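Asker: No letters, just coordinates:
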């Protein structure tokens, strides 16, 4: 079930896809959510969440390696055509909702920080037009954009961690591990949402030229993002006091205010605008997964499924306020249950199924 | 020699036919030569196409004797002589500057002697792509001379030239040049097939062909390089690129290319590799400045003036305190003005063009600021941007840079910095989607180690070991030797 070789990408590029799928709006605000209960110890939770994602990557490679296709192929092998496609449909809906949640999060940031009066539908339409253009170029274009969105803005943004370090209090982090296990578990759970995204692998696996060779790059990608998130958390923790952190909605954006150059102040404007690139590529990846899945499930052209998803996204983006929180909670639950509950079980089922067939 | 065996009557009819068709023009000459009237030769030609010098010196003296045409053919000291009865061939050759000789007035057999008068300008300096160092020679409007210039630089039998005729009316000779054994045969076949598929009345320039065969003709970015430098063509050939040349065009087209190649000047190879890297970086920066600077001004002055520190903002606001327009109109007005000056400078005769640059650039610019229609700062920025747009060594590409800032200015007006980055995003996606002969156009991605030998950076010659992988060359390695220096360079290394 491998994709056409002309559409496949080199194994090392998986690093950039994984990286890109994990970094979204979450990194701008997760410092607050993870510290809600675990306080300054929450950065350990991020590391722990990274370990879970590493394990999840291993599970996905095992699962997909058995059928050499995407999740839809896995489902159809186990459950047959109808039930398999029905189950896959839910995962496609997850991809779509995840992209909508990123889109809504980013639009909220733009409205709060840059253009308070700009209506959501204009922003979502703008972003989705570029997303449509990106996705219609095929998977290789999305991977190329992932690569560029890593090279171009993010390298610059990592450098920005240096500015707040001048006034950092590393003693904030001490004493380490003075929170209860349940508090830590809560911080792990909150960071799981920001660090989620690797599940896109379930769809793009057939597009990797040599999947076995790509495995180490996937793990490396997760490692890189985990370290990035951890550093970001530590920088915020050393910069903000605990109470301040709880009231700062986007700690990372507030951090960028420390950047002052002789020709530049209020760096967050540039930061948010640059984030447009990262966000658009992330949405492109998820909408590609979703629209490709729907194309396979319903035998429609990807053009139409993508257009439909884009239109629905624009409509959903118009609901703001409590809708966003409900959506986010829903996605967090869905993410945990589907990818950390259901997929490992699926792997077990598939393993026994194949063994059973071999014994026959 | 082509002799077609047609029956006599048919031939006689076609003879009449071609004579009739050609003699409708007043510059068509048909006369008989011999002093004796018995059996004179009949010669026909276009007065405007032939060289009368050759006619009188090399051809007419042989026509006094009575000889069969075959005999005549071996005697006349001109290279291209064809003996034929085919009417179409006769017409075609006469139109290309041949002289037709017939024994009798209504004979079918014709001796066609090519005495075409090819008056072209001499091979001169490359004017559009000038360089301080390195070869100065530029191509001219004649195909054979151009191929000659290339062949002189690559005197190997592997350099192949495939010629074909394109254009229903112009019948332009188009040549495809490539190195056999280096260029990817798939690329060569694609190019030849696409040129053969062209259906158009006239081809005036090789750029016609370039834009007819490029992958995406709706793109702003040129997917081929038109060059007038023989060294660029020869260097491209050795890497496995394909060259298209058309008769009557002083530009040769190089295919396939990548984005970054538009920032490479041949002069880079004349300097130390460190300095040439500096220049490449400079050109790249110039492109960013040129496309981004006035949109950034519009975005920041309209929406995000907080970005600018207070002291700098004082200067900015102070300079545009008297300006009655919004930054958007101000920038658009000034950009359009500069573009008009540039355009007029190109269209006008050389001498007037120069003085116009002074009038347009300095006088109007100064007056506009003094009249309070635009701010000083913007004038500096726009001037800088327009200067920067001409740093690209490829003329077509610098036109792209010139154009591309206008849509970005509009986006900046509507969405501020977000619009500027949106434009960047869409351009990136577009460049990623773009291909040149089916090969990826954007050179950042996928990463190839060859692009760090001579594309993004230029390493010393000893380290440029591979031909660019994006071209899929058959010959992967350049023939680089170690280039060892003899003996220790100083006492330290003894």
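Answerer: Yes, it's here. The structure displayed is predicted, hence computed values, not measured ones.
Asker: Enumerate the residues of the stretch 201-350 of chain B near chain A.
Answerer: Neighbours of chain A within the stretch 201-350 of chain B, by Cβ under 8 Å from any Cβ of the partner chain: B:303, B:304, B:306, B:307, B:308, B:309, B:312. The C-beta positions use only the backbone N, C-alpha and C, and glycine is treated the same way.
Asker: In contact with the fifth one, which residues?
Answerer: The neighbours of residue B:308, taking Cβ atoms under 8 Å, 6 or more residues apart in numbering or on different chains as the test, are A:263, A:264, A:265, B:300, B:316.
Asker: Of those, which is the most crowded?
Answerer: Counting neighbours by other Cβ atoms under 10 Å in any protein chain shown, residue B:300 leads these with 21 neighbours.
Asker: So which residues on the stretch 51-200 of chain A come close to chain B?
Answerer: Within the stretch 51-200 of chain A, the positions adjacent to chain B are A:110, A:114-115, A:118, A:126, A:130, A:133-134, A:137, A:140-141, A:144-145, A:147-148, A:151 by Cβ under 8 Å from any Cβ.
Asker: Out of these, which end up buried?
Answerer: Applying 16 or more other Cβ atoms under 10 Å in any protein chain shown to these, the neighbour count classes A:110, A:114-115, A:118, A:126, A:130, A:133-134, A:137, A:140-141, A:144-145, A:147-148 as buried.
Asker: which other residues reach stretch B:422-432?
Answerer: Residues contacting stretch B:422-432 (Cβ under 8 Å, 6+ apart): A:126, A:130, A:133-134, A:137, A:140-141, A:144-145, A:148, A:276-277, A:280, B:219, B:221, B:259, B:295, B:404, B:407-408, B:411, B:415, B:440-442, B:445.
Asker: thinking again about what came up before, for the residues of the stretch 201-350 of chain B next to chain A, could you give me JSON lines that also reports pLDDT and secondary structure?
Answerer: Listed next are those as JSON lines, based on pLDDT from 0 to 100; DSSP: H, G, I helix; E, B strand; the rest coil:
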{"residue": "B:303", "pLDDT": "90", "secondary structure": "coil"}
{"residue": "B:304", "pLDDT": "88", "secondary structure": "coil"}
{"residue": "B:306", "pLDDT": "86", "secondary structure": "helix"}
{"residue": "B:307", "pLDDT": "88", "secondary structure": "helix"}
{"residue": "B:308", "pLDDT": "89", "secondary structure": "coil"}
{"residue": "B:309", "pLDDT": "88", "secondary structure": "coil"}
{"residue": "B:312", "pLDDT": "87", "secondary structure": "helix"}
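Asker: Of the residues you listed, which is the nearest to residue B:343?
Answerer: Nearest to residue B:343 out of those is residue B:303 (Cβ to Cβ; 31.1 Å).
Asker: Nearest residue to the closest one in space, please, no chain neighbours.
Answerer: Distance criterion Cβ to Cβ, 6 or more residues apart in numbering or on different chains; nearest residue to residue B:303, sequence neighbours excluded, is residue B:416 at 3.7 Å.
Asker: Get me the contact residues on the stretch 201-350 of chain A for chain B.
Answerer: By Cβ under 8 Å from any Cβ, the residues of the stretch 201-350 of chain A that approach chain B are A:260, A:262-267, A:269-270, A:272-274, A:276-277, A:280.
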